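Student: The sequence isn't on hand, but the structure is:
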């Protein structure tokens, strides 16, 4: 009822194959994108940009990259933060070593280096899978932790081992206000999310999903496991690498290796599990859940004027957040994306639930 | 299937609450707002708790005494758990609150790096007493950073001077090992120590310990093999007691261990007790001592049940005293600013910055404040944001730290070129045009 599809006929292949087949969905998406680009920049405060929206966008990008690997191709990875770190440090090095390196090229270069790195650490996936692969990707995490703290050339011989990004600029556009940083992240997320959505709908995406669902059967019907798995690692690490570079350049500005610790890897993995495995929009939901909710929980006692100490508030935040994760996983093991699609289906058929 | 509204209700509620919360404009008040970034949870909490309590206690004391020329201080804590991203969020949340924060003491090296980048744009002073970027002492490049009283380079230099004294002025052929937390924090003293090693002719061995530092067996095995004459300890949190216990287990004399100030808090060695006897730490000025301010805090707050710490015994611990010193410097900067921009008014962050840059705490003033024995006179200027870098060595006698050395000041001929070199490098990387100080 809310989604009246009467009269929406598809008379061409193009119409049949578009991402959002229902007109209302299409309008809603355009509306959301328009709001994000044209309205949010004028109404949100600097705090909202820097502490909420920018981390959300970057984490959503990271979760999207990880979702391709874990959600679509079924290769569990615990080394996401390592791929982020590779992207960030590679982009930093490109800028530090090549004079006048444009920001966008540095970001893409960071993504490409992360891609190579991802493929190398994806090689074990050809022989092992599941938990064993998770442990192998953990090795990537430890390797990068070691590399970024010990190899001086990674940090361009910084005395303390921490690095900082140069001022951000694209073709003369100086990106220094929070609003401009937000627009940069938003634009990159939109482009990459669209690309990812199209990839997972195409032949290569179906190969990934076939590998995920049953790799033996997939290879029997002619899907090359090596090609499918390594492309998933490549695409995933590329996106994650760009997310890492943005995290370092845009969100933190200056960072130390601890910014890409194992905690971050686990956080991203939780994001896609909560958000919904194998779903592009699920990555956004998961990132929103993980970035916004702790902030909210942390602020609530303060707004209510409860006289509890900072430490207690933090422990409460952890407890409630943990309980909510368990709650959502029990009511909907397939994540928030599934919850959303169920709701949408209900709205389509309401009031006749058949 | 029935539509389970219950599933969606919490989501919708959360979304609505969040939307409402994010667009609420900040309220203005006639109080001077001091944000307090703290870590009361996480792996460094044992240090973070007394530190945070000290910062808050001093602000409460100022309020109890009527504020700064009548201006009361309002403060709000924000938990960072020593995590850079969380710290950045706290900074963003609090910087514009109540008409603008009076500056941030970030309590973390990582957060300092991140906010140093943002501070010039936000016009927000960053005060990092005893930590942070060592090169930010150069006020020409780092207009908004105030690493007052000392940094890791001056700490390392004071330690080497104390060792030199013990060795009767010569370290030729000696071996000194640096056991450090493998993070930017732990690596900070290395450039200075390398310079000192070249000058004095001692051999410097670098022994990194992976964070959080509970795994140090191999490090101390190396120490047992190489038998360095002294061990410098640049540790934090759980790494410190572990190192002292390992030294005890290896039979390495604790008298030859020198720790940086963050590894020299009572709680680090209290449980080891006599096993840590002889363990040395350098102090920022003389923060191991007690002075009138402690009695005042006790009388005004703890005796009335208004103290921040749960256990009044925390009062007088080094970390707690450091917290009070930090707050005192902030308060005095605000007071200094008021003298120029109007007494009894709330200062903007820019005005507070001016106050920090023109701070002049004489001995009389410090005595008046009750810090006379704890810190020496400090005077900042446009190109010197450090003030003066006095330090003393304190030694654990089995139950408490006692000051065992005279005053030291870092060798300017070593530290100043380093500050200049690294500040110039930073300015070049960031396209910062150093201002002129005349």
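Tutor: Looks like it came in fine. Keep in mind that this is a model prediction, so the values were computed, not measured.

Student: just the helices in the stretch 51-200 of chain A please.
Tutor: For the stretch 51-200 of chain A, the helices defined by DSSP state H, counting those that start in this stretch occupy A:54-67, A:80-97, A:103-122, A:131-150, A:178-201.

Student: Specify the angle between the first one and helix A:80-97 in degrees.
Tutor: Put simply, helix A:54-67 runs at 120 degrees to helix A:80-97, going by axes from the mean of the first three to the mean of the last three C-alpha atoms, to 10 degrees.

Student: Residue 299: how many residues sit nearby?
Tutor: Looking at chain A here, since you left the chain open. Number of residues near residue A:299 (other C-beta atoms under 10 Å in any protein chain shown) recorded here: 16. All C-beta spots, glycine's among them, are computed from the backbone N, C-alpha and C.

Student: look at chain B instead
Tutor: 12.

Student: Next: the one 4 residues further on.
Tutor: Here the count is done by other C-beta under 10 Å, and residue B:303 has 11 residues near it.

Student: Repeat that for the one 3 residues further on.
Tutor: Other residues near residue B:306 come to 13 when the count uses other C-beta under 10 Å.

Student: how far away is it from residue B:89?
Tutor: Distance, residue B:306 to residue B:89, using C-beta to C-beta, to the nearest Å: 29 Å.

Student: hang on, the earlier thing: chain B: which of the helices of the stretch 51-200 of chain A is closest?
Tutor: Closest to chain B of the helices of the stretch 51-200 of chain A, according to C-beta to the nearest C-beta: helix A:131-150, at 5.0 Å.

Student: can you tell if that closest one touches chain B?
Tutor: Yes: using C-beta under 8 Å from any C-beta of the partner chain, helix A:131-150 reaches chain B at A:149, A:150.

Student: What lies in contact with that helix?
Tutor: A:75-79, A:81-83, A:85-86, A:89, A:117, A:121, A:124-125, A:128, A:154-155, A:161, A:257, A:260-262, A:265, B:182-183, B:208, B:210 (C-beta atoms under 8 Å, 6 or more residues apart in numbering or on different chains).

Student: hey, where'd the strands end up in chain B?
Tutor: Under the criterion DSSP state E, strands of chain B are mapped to B:32-38, B:73-79, B:126-127, B:145-146, B:175-181, B:203-209, B:230-234, B:257-259, B:280-284, B:360-361, B:378-379, B:391-396, B:401-403.

Student: what's the answer for chain A, then?
Tutor: In chain A, the strands defined using DSSP E lie at A:163-164, A:169-170, A:173-174, A:254-255.

Student: distance between the third one and the chain's centre?
Tutor: Put plainly, it is strand A:173-174. Distance of strand A:173-174 from the chain centroid (C-alpha atoms, centre = their mean, to the nearest Å) equals 25 Å.

Student: For it, which strands pair with it and how are they oriented?
Tutor: strand A:169-170 (antiparallel) (DSSP bridges).

Student: just checking, residue B:55 touches residue B:36?
Tutor: Yes: at 5.6 Å, residue B:55 counts as touching residue B:36 under the criterion of C-beta atoms under 8 Å.

Student: Those two: who's more crowded?
Tutor: When neighbours are counted by other C-beta under 10 Å, residue B:55 and residue B:36 differ, and residue B:55 comes out ahead with 28 against 23.

Student: show me what contacts the residue lying closest to the more buried one once chain neighbours are set aside?
Tutor: Counting by C-beta to C-beta, 6 or more residues apart in numbering or on different chains, residue B:323 is the residue found nearest to residue B:55 once chain neighbours are left out, at 4.1 Å. Applying C-beta under 8 Å, 6+ apart, we find residue B:323 in contact with B:50, B:51, B:52, B:53, B:54, B:55, B:56, B:57, B:58.

Student: what separates the second one from residue B:324, distance-wise?
Tutor: It refers to residue B:51. For residue B:51 relative to residue B:324 (C-beta to C-beta), the value is 10 Å.

Student: Show me what counts as buried in stretch B:175-190.
Tutor: By neighbour count on 16 or more other C-beta atoms under 10 Å in any protein chain shown, the buried set for stretch B:175-190 is B:176-190.

Student: nearest to chain A, of the residues you listed?
Tutor: For the buried residues of stretch B:175-190, the nearest to chain A is residue B:184 (3.8 Å; C-beta to the nearest C-beta).

Student: Double-check that closest one against residue B:111; I have them as touching.
Tutor: No: taking contacts as C-beta under 8 Å, residue B:184 lies outside contact range of residue B:111: 11.2 Å.

Student: Run a quick neighbour tally on residue 46.
Tutor: No chain specified, so I'll use chain A. 15.

Student: right idea, wrong chain: chain B
Tutor: 18.

Student: And the pLDDT for residue 283?
Tutor: Just so you know, I chose chain A. pLDDT recorded at residue A:283 is 94.

Student: Not quite, go with chain B.
Tutor: pLDDT, read off for residue B:283, is 89.

Student: Comparing the strands of chain A, which comes out most buried?
Tutor: Of those, the one with the most neighbours on average (mean count of other C-beta atoms under 10 Å in any protein chain shown) is strand A:254-255, at a mean of 26.

Student: related to what we said a few turns ago, make CSV from the strands of chain B and add distance to residue B:341 to it.
Tutor: Listed next are the strands of chain B as CSV, based on distance: least, C-beta to C-beta, whole Å:
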stretch, distance to residue B:341
strand B:32-38, 12
strand B:73-79, 17
strand B:126-127, 19
strand B:145-146, 18
strand B:175-181, 41
strand B:203-209, 47
strand B:230-234, 40
strand B:257-259, 41
strand B:280-284, 29
strand B:360-361, 16
strand B:378-379, 20
strand B:391-396, 33
strand B:401-403, 38
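
Student: what stretches of chain B score poorly on pLDDT?
Tutor: When residues are selected by pLDDT under 70, those of chain B lie in B:1-29.

Student: domain parsing for it?
Tutor: Domains of chain B are assigned by automatic domain parsing as B:11-150+B:290-380, B:152-283+B:391-411.

Student: Run through chain A and note the low-pLDDT ranges.
Tutor: Along chain A, segments meeting pLDDT under 70 span A:1, A:354.

Student: The same query, at a cut-off of 80, please.
Tutor: Confidence mapping of chain A against pLDDT under 80 gives the ranges A:1-6, A:158-161, A:301-302, A:305-309, A:352-354.
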